[in-house]
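J.: got a predicted structure here, sequence first:
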Amino acid sequence: MAFTAKDVAALRAKTGCGMMDCKKALTKADGDMDKAIDFLREKGLATATKKAGRIAAEGIAYAVTNSDATKGVVIEVNSETDFVAKNAEFRNFVKTCADTILASDPSDVDALLKCKAAGSDETVDALLKEKIMKIGENIKIRRFKEFSGAVGAYIHAEGKIGVLVNFATSPEIASKPEFKEYTKDICMQVAAIVPQYLDEKSVPDDVVEHEKGILKQQVIESGKPAAIADKIVQGKLHKFYKEVCLVDQAFIKDDKLSVKQYTEQTAKKLGGDVKITGYTRFERGEGIEKRKENFAQEIKDLVK
């Protein structure tokens with residue numbers, strides 16, 4: 001039985017599957033719509049696609065480096081429930097995604113899905129669909145960031161927060177245990193204090209000007225003369241930088257030191273140069289609107 005482009009579109013509307021999958025299904029089913037739907041269901045595509053519309057705001061943020069800490073990745077993969085996020089199979093899938101990124105260097109999530117999964121003959125996309133079918137929840141690879149050079153990784157609260165920090169230093173220093181301890185301290189700083197920027201130069205001009213405007217208004221409303229307001233604002237701006245810039249923040253283990261001073265002390269002890277060049281902090285479900293559960297209504301719907 002022949003089929004047309006309209007049939008492919010109709011199958012897609014019924015199942016939510018991709019155009020190529022629908023075309024393949026109709027080809028296998030010789031144009032029979034019902035058989036094509038069965039084919040997609042048997043392959044798990046229709047069910048996986050249906051689940052893909054459900055909110056996934058749980059999951060884990062995971063960070064890891066390669067064996068010599070010259071490359072690292074932080075990734076967030078979401079599930080619908082915290083229960084699944086603790087599932088060993090789900091966590092192993094997240095690790096596989098991270099290992100694939102380290103091995104293949106994909107540019108984004110779409111590119112990652114097309115990669116052959118580490119330790120498997122399947123693509124990450126095929127593996128993802130398998131996990132959705134087996135686990136029974138929507139699973140989404142939300143985002144990742146990769147750094148090369150000297151790197152440090154940290155996972156807080158079994159995946160609530162994942163941190164990756166990039167450093168500039170020599171291979172000799174990077175291999176020392178003291179440097180590893182230092183990188184862990186900086187990663188924990190990022191996890192705990194949540195800096196918005198790396199340093200003062202990283203703060204956008206419009207953000208600085210906006211902050212200056214607020215501070216100046218505060219100074220004027222406090223009764224200080226407008227003539228000295230700008231000078232007072234400059235002093236207050238330094239306090240702002242200490243709050244939002246990683247290198248200017250007070251070090252969590254010794255608030256008498258800034259992170260920059262702690263870095264300088266570490267570099268001196270190790271006999272070389274050390275500089276923090278970048279960082280990424282992922283918090284599980286950050287910015288995702290979570291589903292509002294109404295269990296009473298669910299029970300009413302079930303007994304109708």
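T.: Thanks, I have it. Residues are numbered from 1 along each chain as shown.
J.: leaving out the residues flanking it, which one is nearest to Phe93?
T.: Leaving aside its sequence neighbours, Phe93 sits nearest to Lys131 (CB to CB, 6 or more residues apart in numbering; 5.2 Å). Any C-beta I mention is one placed from the backbone N, CA and C, and that applies to glycine too.
J.: cool, Ala126 as well?
T.: Using CB to CB, 6+ apart, the closest residue to Ala126 is Ala117 (7.9 Å).
J.: count of neighbours near the one you found?
T.: 22 (other CB atoms under 10 Å).
J.: can you tell me how far it is from Glu181?
T.: 33 Å (CB to CB, to the nearest Å).
J.: Phe167 now?
T.: Taking CB to CB, one finds Phe167 at 13 Å from Glu181.
J.: neighbour-wise, which of those two wins?
T.: Remark: of Phe167 and Glu181, Phe167 carries more neighbours, 23 against 11, as counted by other CB under 10 Å.
J.: does the more buried one touch Ile173 like I think?
T.: No - counting by CB atoms under 8 Å, Ile173 is not a contact partner of Phe167; they are 9.1 Å apart.
J.: so what sits against both of the two?
T.: Counting by CB atoms under 8 Å, 6 or more residues apart in numbering, the residues touching both Phe167 and Ile173 are Ala150, Val274.
J.: and the next helix or strand past the helix or strand where His210 lies?
T.: Using DSSP states H and E, His210 maps to helix 205-221. For helix 205-221, the following helix or strand on the C-terminal side (DSSP H and E) is helix 229-244.
J.: buried residues, that following helix. List them.
T.: Ala229, Ile232, Val233, Leu237, Phe240, Tyr241, Val244 (16 or more other CB atoms under 10 Å).
J.: over to stretch 163-170?
T.: Val163, Leu164, Val165, Asn166, Phe167, Thr169.
J.: same check on stretch 103-113?
T.: Pro106, Val109, Leu112, Leu113.
J.: columns secondary structure, distance to Thr4 and pLDDT on top of the residues you listed, output as JSON lines?
T.: Shown next, in JSON lines, are the buried residues of stretch 103-113 (DSSP: H, G, I helix; E, B strand; the rest coil; distance: CB to CB, whole Å; pLDDT from 0 to 100):
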{"residue": "Pro106", "secondary structure": "coil", "distance to Thr4": "36", "pLDDT": "98"}
{"residue": "Val109", "secondary structure": "helix", "distance to Thr4": "33", "pLDDT": "97"}
{"residue": "Leu112", "secondary structure": "helix", "distance to Thr4": "34", "pLDDT": "98"}
{"residue": "Leu113", "secondary structure": "helix", "distance to Thr4": "29", "pLDDT": "97"}
